[in-house]
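Colleague: here is my input, please return the structure:
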Amino acid sequence: MPTPLVECIPNFSEARRPEVVEAILQTMANTQGVHVLDRHSDLDHNRTVITLVGEPTQMEEAVFQAIAKAAQLIDLDHHTGEHPRIGATDVVPFVPISDMTMQDAVEIARRLGQRVGSELEIPVYLYEEAATRPDRHNLEDIRQGQYEVLKNEIATHPNRYPDFGPARMTGAGATVIGARQPLIAFNVYLTTDDIPAAQKIARAVRNSNGGLRYVKAMGILVNGRAQVSMNLTNYRQTPIARVVEMVRREAQRYGANIHHCELVGLAPQEALVDAARWYTGLDEFEPNQILETRLFDLLAEKNAPASSLQPHSFLDNLASGAPTPGGGSAAAYTAAMAAALVAMVARLTVGKKKYALVEAQMWEVLAQTEALRSELTQAVQQDAAAFELFMQASHLPKDTPEQQQVRAVAIQATSLHAAEVPLQVAGKTISVLKLAVIVASQGNLNAISDAGTAGALCQAAMAGAGLNIRTNTLNLSDQSLGQPLLEQLKTFENETSQLADQLKQTLSSRGQINF
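Modeller: Residues are numbered from 1 along each chain as shown. Modelled structure (predicted):
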């Protein structure tokens, strides 16, 4: 299976103290599975932009630790710089790179935002594709007034309450976290120090004032030169060359020209190739004419893993003659599948205007379901491991009374553990079934049968878990030890029956499904 990759470009409000930047950078660089691709510090902006790429789970942890470190080392009450900012870690965008969807990136942003808000007590705002409100889609709207204004308004203006975390700020400020398409940070330096001219050029170029559709721009002074600092949010719709030529034309109105341009961080190869094609007039150019592209494609083809090397699936292992995985693992796997279906219905509901009133609830369902899916997936191996311990106990020697005693104690302990694991699966299955009822009643109507299927899988998982609990408790020499487990199982089974009836009624009334 290909490894999902996500890009993250955290912006930190520090550039003038290299030791601080280095400390923040190391928290991310030391995380396995995360790679630092680029680092750009600007002294005038007093801002550092770091570009990372890595696996989603490791990336979340790396960025969380970096936000925590920045909060310790940066105090915005003593910070100055040309670039707008509201936080020590000012903005954290996630960009899906490979084997990921934008929805996956949104979920990363939300999970990280919730953790930063609760554990670090830093206010968090969600933006771009992760925004919970239309007025928070654009970063500049959230940063209005910068740190100084937001610090005074966050507790008193409802429109400025954060999505996660407290409605109060320390010197660490607030952090904006989101998901977006690839963005190109592109600066044009002019042959003048005329800041008003740069500001007028920025006003003419940027989308918000009627300029180019996917351009955000501001005019500032950097290194003694007027600079038009820009973010190009969709390089395919508004190419770099078009932006540069419009800046050049506007600059000539003020007796200036372009001195040089600057790329902050990284840019997709396609964007630079398009610029080269425009300036050189290569109208018939094709991307596969690039030597390195052709070479990398060839190497990737040669290094592709053969299908025979793919690992066996869980179902292949289940069908083998080995005693594990067995029915208990199958029950956990079935409940995990039910959780996956509930998550699917929730994902098909969020972002739909028709279901805007339940979007917050669906996000909460999604977070709970994904946690349950992870726990149930782990339970597949936990159940197999528990049974293997029982098998080991059963094969202990029994030649002497002492050995018999040791064996009896081991069998009882491992039997009890082998019953406890499916009981935990049963409890988590109840939680999944409750969420299935919610998505069936509130979620996307087009996916109501999937919610019903999740419920059916929960019933099957409960039955499978119950069989394993009852079987394993039979091995207990002291039957009183198993009684609490059996009583709890009976409670779970009764609740499953009630929830299944509730789900059936929902499917009948909302989906017009006849039973």
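
Colleague: can you give me the strands in the chain?
Modeller: Remark: strands assigned in the chain by DSSP state E are 5-8, 11-12, 34-42, 47-54, 89-98, 124-128, 175-179, 184-190, 215-222, 225-232, 258-264.

Colleague: out of those, which is closest to residue 81?
Modeller: Comparison of the strands of the chain against residue 81 by C-beta to C-beta identifies strand 47-54 as nearest, at 6.0 Å. In short, each C-beta sits where N, CA and C put it, glycine included.

Colleague: returning to that earlier point: looking at the strands of the chain, which is nearest to residue 156?
Modeller: Nearest to residue 156 among these is strand 124-128 (16.5 Å), distances taken as C-beta to C-beta.

Colleague: buried stuff in the closest one?
Modeller: 124-128 (16 or more other C-beta atoms under 10 Å).

Colleague: picking up where we left off before, make CSV out of the strands of the chain and add distance to residue 459 and mean pLDDT.
Modeller: Converted to CSV, those look like this (distance: least, C-beta to C-beta, whole Å; pLDDT from 0 to 100):
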stretch, distance to residue 459, mean pLDDT
strand 5-8, 36, 94
strand 11-12, 49, 97
strand 34-42, 41, 92
strand 47-54, 39, 94
strand 89-98, 36, 94
strand 124-128, 36, 97
strand 175-179, 36, 97
strand 184-190, 52, 95
strand 215-222, 52, 94
strand 225-232, 51, 95
strand 258-264, 55, 94
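
Colleague: for those strands, which one sits closest to residue 510?
Modeller: Checking the strands of the chain against residue 510 by C-beta to C-beta gives strand 124-128 as the closest, at 30.1 Å.

Colleague: circling back to that earlier point, with the buried residues of strand 124-128 in mind, which one is nearest to residue 416?
Modeller: Nearest member of the buried residues of strand 124-128 to residue 416, counting by C-beta to C-beta, is residue 124, at 43.7 Å.

Colleague: distance of residue 281 from residue 241?
Modeller: 11 Å (C-beta to C-beta, to the nearest Å).

Colleague: between those two, who's got more neighbours?
Modeller: residue 241 (15 against 8; other C-beta atoms under 10 Å).

Colleague: report pLDDT for the nearest residue to residue 440 once chain neighbours are set aside.
Modeller: Nearest-residue entry for residue 440: residue 451, 3.8 Å, with adjacent residues in sequence omitted and distances by C-beta to C-beta, 6 or more residues apart in numbering. We have a pLDDT of 96 for residue 451.

Colleague: wait, doesn't residue 451 sit right on residue 443?
Modeller: Yes: the pair residue 451 / residue 443 is scored as a contact, 6.3 Å apart, by C-beta atoms under 8 Å.

Colleague: mutual contacts of the two, please.
Modeller: residue 345 (C-beta atoms under 8 Å, 6 or more residues apart in numbering).

Colleague: from the middle of its chain, how far away would the lowest-mean-pLDDT helix or strand in the chain be?
Modeller: Of all helical and strand segments in the chain, the minimum by mean pLDDT, DSSP states H and E falls on helix 291-303, at a mean of 75. Offset of helix 291-303 from its chain centre (C-alpha atoms, centre = their mean, to the nearest Å): 30 Å.

Colleague: ok, the residue nearest the centre of the chain to residue 38 distance?
Modeller: Nearest to the mean C-alpha position of the chain, by C-alpha atoms, centre = their mean, lies residue 108 at 1.3 Å. Per C-beta to C-beta, residue 108 is found 20 Å from residue 38.

Colleague: under the pLDDT cut-off, which ranges of the chain? List them.
Modeller: Within the chain, the segments meeting pLDDT under 70 span 1-2, 300, 302-312, 512.

Colleague: tell me the domain ranges of it?
Modeller: 5-179, 184-279, 318-511 (automatic domain parsing).

Colleague: among these, which is nearest residue 287?
Modeller: Counting by C-beta to C-beta, and looking across all of the domains of the chain, nearest comes domain 184-279 at 6.5 Å.

Colleague: tell me how far that closest one lies from the chain's centre.
Modeller: 31 Å.

Colleague: and that domain, end to end?
Modeller: With C-alpha to C-alpha, to the nearest Å applied, domain 184-279 spans 19 Å between its terminal residues.

Colleague: still on that earlier bit, can I get the strands of the chain in JSON lines with distance to residue 285?
Modeller: Below are the strands of the chain laid out as JSON lines (distance: least, C-beta to C-beta, whole Å):
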{"stretch": "strand 5-8", "distance to residue 285": "26"}
{"stretch": "strand 11-12", "distance to residue 285": "34"}
{"stretch": "strand 34-42", "distance to residue 285": "26"}
{"stretch": "strand 47-54", "distance to residue 285": "27"}
{"stretch": "strand 89-98", "distance to residue 285": "25"}
{"stretch": "strand 124-128", "distance to residue 285": "32"}
{"stretch": "strand 175-179", "distance to residue 285": "32"}
{"stretch": "strand 184-190", "distance to residue 285": "20"}
{"stretch": "strand 215-222", "distance to residue 285": "25"}
{"stretch": "strand 225-232", "distance to residue 285": "21"}
{"stretch": "strand 258-264", "distance to residue 285": "21"}
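
Colleague: ok, the nearest residue to residue 146 once chain neighbours are set aside - contacts?
Modeller: Spatial nearest neighbour of residue 146, excluding adjacent residues (C-beta to C-beta, 6+ apart): residue 84 at 5.5 Å. Residues in contact with residue 84 (C-beta under 8 Å, 6+ apart) are 140, 143, 146.

Colleague: tell me where the stretch 101-250 of the chain has helices.
Modeller: For the stretch 101-250 of the chain, the helices defined by DSSP state H, counting those that start in this stretch occupy 102-115, 139-142, 146-153, 195-205, 240-252.

Colleague: on that earlier part again, for residue 292, find the nearest of the domains of the chain.
Modeller: Across the domains of the chain, closest to residue 292 is domain 184-279 (C-beta to C-beta), at 8.9 Å.

Colleague: these two touch, right, residue 69 and residue 28?
Modeller: No: Residue 69 lies out of contact with residue 28 (C-beta under 8 Å); the separation is 9.1 Å.

Colleague: what about those two, which has more around it?
Modeller: Per other C-beta under 10 Å, whichever of residue 69 and residue 28 has more neighbours is residue 28, with 24 against 20.

Colleague: which residues touch the more buried one?
Modeller: Residue 28 neighbours (C-beta under 8 Å, 6+ apart): 34, 36, 50, 52, 62-63, 65-66.

Colleague: distance to residue 253 added to the residues you listed, as a markdown table?
Modeller: Listed next are these as a markdown table, based on distance: C-beta to C-beta, whole Å:
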| residue | distance to residue 253 |
| --- | --- |
| 34 | 46 |
| 36 | 41 |
| 50 | 37 |
| 52 | 40 |
| 62 | 46 |
| 63 | 42 |
| 65 | 48 |
| 66 | 43 |
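
Colleague: report the beta-bridge partners for residue 221.
Modeller: Applying DSSP bridges to residue 221 yields these beta-bridge partners: residue 226.

Colleague: which residue packs closest to residue 336, ignoring adjacent ones?
Modeller: residue 376 (3.9 Å).
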